[in-house]
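Participant: Sequence first, predicted coordinates after that:
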Amino acid sequence: MKMQLTARRPYGILLLAMMSWWSFWGCDSAPEPPNPGGAADAFAQARRRMVEQQLAGFGRDITNRRVLEVMGQVPRHEFVPANVVREAYEDYPLPIGHGQTISQPYIVAFMTQCLEPQPHHRVLEIGTGSGYQAAVLSPLVKEVYTIEIIEPLARQAEATLKRLGYTNVMVKAGDGYLGWPEHAPFDSIIVTCAPEKVPEPLVRQLKEGGRMIIPVGPLHAQDLYLLVKEKDRVRQQAVLPVRFVPMTRK
Ligand code: SAH
């Protein structure tokens with residue numbers, strides 16, 4: 001018994017010494033400034049790096065100042081499952097359960113920038129998924145309406161957005177192919193799942209002069225299209241080859 005006690009003592013002293021060295025050199029984490037979710041978070045540095053390297057960095061083209069600012073604030077790690085939290089700010093999409101994914105940060109920023117969001121805009125999103133894209137739009141526009149076909153994902157995204165204080169986002173479980181006629185017309189529409197063709201109801205629910213960003217095509221040959229609705233025609237342009245989960249129907 002006695003021997004055990006003496007044998008342990010050096011370790012205790014060593015631990016104490018290490019702890020005081022740690023705080024002496026300021027290695028214990030300093031509180032970060034609050035984010036829109038309210039809680040201080042230890043991911044601020046990863047988020048800054050994500051913006052600098054993946055969005056505004058060499059070979060990337062996110063130049064909209066408001067978009068860059070918001071991407072630097074929204075806590076992406078709050079929208080991903082616990083097992084991939086450490087990868088939340090990496091340059092690739094991540095699984096969010098139910099066979100679905102949260103898009104790569106660059107794609108989220110690119111699509112947001114294509115919409116040219118304005119503070120008075122009301123935006124429709126099809127494919128809520130984790131709620132991250134809706135959270136990115138939230139501070140940039142007046143209202144975000146978002147529809148998710150997988151009910152548990154819709155409920156979870158709704159809870160996350162509420163917990164983090166994104167109060168201007170309305171979530172609905174349902175088939176986004178049909179849009180949300182009660183709240184139409186929208187200043188812009190963002191679709192984050194890929195149909196084979198642009199859904200007619202969505203074009204109808206877009207304001208004149210409004211913009212829609214939507215991936216179209218089969219799994220291995222999709223392009224992101226930017227549509228602009230003009231007086232008597234819809235102008236469309238393929239802007240980026242992409243790979244989104246397919247749009248499913250009820
Ligand atoms: N924007 C999401 C990523 C979405 S992944 C995010 O930020 O996390 C695409 C989502 O579209 C999936 O969750 C899928 O269930 C949903 N989806 C597929 N078909 C749909 C439809 N017809 N209506 C609404 N959502 C649909």
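Facilitator: Ah, there it is.
Participant: in the protein, which spans are strands?
Facilitator: 94-97, 100-102, 122-126, 143-148, 169-173, 186-191, 206-216, 222-229, 234-242 (DSSP state E).
Participant: Tabulate the ones you listed in TSV, adding columns for distance to residue 83, mean pLDDT and mean neighbour count.
Facilitator: Yep, even glycine has a C-beta here, placed from its N, CA and C like the rest. Below are the strands of the chain laid out as TSV (distance: least, C-beta to C-beta, whole Å; pLDDT from 0 to 100; neighbours: other C-beta atoms under 10 Å):
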stretch	distance to residue 83	mean pLDDT	mean neighbour count
strand 94-97	9	98	17
strand 100-102	13	97	20
strand 122-126	25	99	25
strand 143-148	21	99	25
strand 169-173	24	98	19
strand 186-191	27	98	25
strand 206-216	26	98	20
strand 222-229	27	98	19
strand 234-242	25	98	13
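Participant: Nearest to the ligand among those would be which one?
Facilitator: Nearest to the ligand, of all the strands of the chain, is strand 100-102, at 3.8 Å by C-beta to the nearest ligand atom.
Participant: The closest one and the ligand, any residue contact?
Facilitator: Yes: shown here: strand 100-102 in contact with the ligand (C-beta under 6 Å from any ligand atom) through 100-102.
Participant: got it, and stretch 200-218?
Facilitator: No: under the criterion of C-beta under 6 Å from any ligand atom, the ligand is not reached by stretch 200-218; the shortest gap measures 9.7 Å.
Participant: Distance from stretch 89-98 to the middle of the chain?
Facilitator: 10 Å (C-alpha atoms, centre = their mean, to the nearest Å).
Participant: would you put the C-alpha positions of it in PDB?
Facilitator: Taking C-alpha atoms only, stretch 89-98 is exported to PDB below (Å, rounded to 0.1, in the frame of the first residue of the first chain):
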ATOM      1  CA  TYR A  89     -14.700  22.300 -42.700                       C
ATOM      2  CA  GLU A  90     -12.900  20.100 -45.200                       C
ATOM      3  CA  ASP A  91     -13.200  20.600 -49.000                       C
ATOM      4  CA  TYR A  92     -15.700  17.800 -49.700                       C
ATOM      5  CA  PRO A  93     -19.300  16.700 -49.100                       C
ATOM      6  CA  LEU A  94     -20.200  14.700 -46.000                       C
ATOM      7  CA  PRO A  95     -22.900  12.100 -45.300                       C
ATOM      8  CA  ILE A  96     -25.800  13.300 -43.100                       C
ATOM      9  CA  GLY A  97     -27.700  10.000 -42.900                       C
ATOM     10  CA  HIS A  98     -30.700   8.500 -44.900                       C
END
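Participant: Surely residue 212 touches residue 229?
Facilitator: Yes: at 7.5 Å, residue 212 counts as touching residue 229 under the criterion of C-beta atoms under 8 Å.
Participant: Need the residues touching each of these two.
Facilitator: Taking C-beta atoms under 8 Å, 6 or more residues apart in numbering as the criterion, residue 212 and residue 229 both touch 203, 206.
Participant: Alright, calling it a day.
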